[in-house]
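Q: model the following, please.
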Amino acid sequence: MVDPHRGVLYPAKLPNFTRVDPPADVAALVNWFWIPEWDIAPGRSSRQDLVAYPSSNLVVEPDLVGISGPTTRISHRDLSGTGWAVGAMLRPAAVAALAEDPTTVIDDYRPFDAPDLHAAVSAAMSDGEDPRRHWRAVKAFSEWLGQRIPAPTEEALLANAMVDLLISDPTMLRLDQAAATLAASPRTLQRLARRYVGLPPSAIIRRRRLQEAAQALREDPTSDLSTLAADLGYADHAHLANDFRTVLAFTPSSYRGAAHNPDEN
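A: Down below sits the predicted model:
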């Protein structure tokens, strides 16, 4: 199981956050549902920084339904006031059914026309004291997905298997390795990645390694950067540092210091 918090750069700053596994009937469509709830003091805000999974998300908020595509850089959201969201981290099989071309929503978050989904999830979340509100919201969301999205094809399931492999197996460092494991050609995996994810397989592998590097730096402030780079399959420390600068706009050393002093960020 992939750690749902792996892409959160400063976990100590998370609002009240609930992760819910999908019901069995939509497990081929959703990795997990995520439900943040927050109550920020007037005049203050809380920034949530992410190096997100290479996935799209369908999100219900009090005033809209939105779809976000995979990201190529650090992303953030500033929370203020009181609020909630119910998001579904989509598997590739669902992405293809909801976004005609997922490359068009890369690094974007845009409204998604689903008034019935909004009404059902909002009704479930309307009573903030109801201990079953998360279960009700996920049930409503899952029912909507099951009605909206047809049963995944064999191709869609292969796309699921490809992404599962690339984001969870640290030994997968090259496309040809994944192709051999899945008994598919590299060209097929490249086509599936474009159609069902929006990013090439190489970008999915880089994102996993960057998340793992950030997690390791959070968990062990004394870790040697050269050793960490080698453990994660980078050619050397310089390549790890370049990935950090390209995606996160800071170095591994500066992130390590910030991760252990989150109140200063």
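Q: CA atoms for contacts and neighbours, from now on please.
A: Fine.
Q: hey, where'd the helices end up in the stretch 101-250 of the chain?
A: Counting by DSSP state H, counting those that start in this stretch, one finds helices in the stretch 101-250 of the chain at the ranges 115-125, 133-148, 154-168, 175-182, 186-196, 201-219, 225-231, 237-248.
Q: mind giving me the domain ranges of the chain?
A: 11-148, 154-264 (automatic domain parsing).
Q: would you format those domains as JSON lines with mean pLDDT and mean neighbour count included?
A: Below are the domains of the chain laid out as JSON lines (pLDDT from 0 to 100; neighbours: other Cα atoms under 10 Å):
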{"stretch": "domain 11-148", "mean pLDDT": "92", "mean neighbour count": "18"}
{"stretch": "domain 154-264", "mean pLDDT": "91", "mean neighbour count": "17"}
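Q: so residue 78 touches residue 50, yeah?
A: No. Using Cα atoms under 8 Å, residue 78 is not in contact with residue 50; the gap is 11.7 Å.
Q: in CSV: the helices of the stretch 101-250 of the chain, plus distance to residue 38.
A: Below are the helices of the stretch 101-250 of the chain laid out as CSV (distance: least, Cα to Cα, whole Å):
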stretch, distance to residue 38
helix 115-125, 13
helix 133-148, 14
helix 154-168, 29
helix 175-182, 40
helix 186-196, 32
helix 201-219, 24
helix 225-231, 35
helix 237-248, 25
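Q: would you mind telling me which of these is nearest residue 73?
A: Closest of those to residue 73 is helix 237-248, at 4.4 Å (criterion: Cα to Cα).
Q: could you tell me the angle between the closest one and helix 201-219?
A: Counting by axes from the mean of the first three to the mean of the last three Cα atoms, to 10 degrees, helix 237-248 lies at 100 degrees to helix 201-219.
Q: now the element after helix 237-248, going C-ward?
A: helix 252-259 (DSSP states H and E).
Q: could you look up the SS state of residue 18?
A: Of the three states, residue 18 takes strand under DSSP: H, G, I helix; E, B strand; the rest coil.
Q: so what's it closest to, chain neighbours aside?
A: Spatial nearest neighbour of residue 18, chain neighbours left out: residue 35 (5.0 Å); criterion: Cα to Cα, 6 or more residues apart in numbering.
Q: re the thing from before, so which of the helices of the stretch 101-250 of the chain comes closest to residue 23?
A: helix 133-148 (7.3 Å).
Q: so what touches the closest one?
A: With contact meaning Cα atoms under 8 Å, 6 or more residues apart in numbering, helix 133-148 is reached by 20, 22-23, 25-26, 33, 35, 86, 117, 120-122, 124-127.
Q: so how far is residue 166 from the most centrally placed residue in the chain?
A: Among the residues of the chain, the one closest to the centroid is residue 53, at 3.3 Å (Cα atoms, centre = their mean). The spacing between residue 53 and residue 166, counted by Cα to Cα, to the nearest Å, is 11 Å.
Q: any common contacting residues for the two?
A: Joint contacts of residue 53 and residue 166 (Cα under 8 Å, 6+ apart) are residue 208.
Q: wait, what's in contact with the residue nearest to the centre of the chain?
A: 7, 70, 71, 207, 208.
Q: give me phi/psi at it?
A: With angles defined as degrees, to the nearest 10, residue 53 shows backbone torsions of phi -60, psi 150.
Q: can you put the contacts of residue 53 in JSON lines and add distance to residue 248?
A: JSON lines is the format used below for the contacts of residue 53 (distance: Cα to Cα, whole Å):
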{"residue": "7", "distance to residue 248": "12"}
{"residue": "70", "distance to residue 248": "15"}
{"residue": "71", "distance to residue 248": "11"}
{"residue": "207", "distance to residue 248": "11"}
{"residue": "208", "distance to residue 248": "14"}
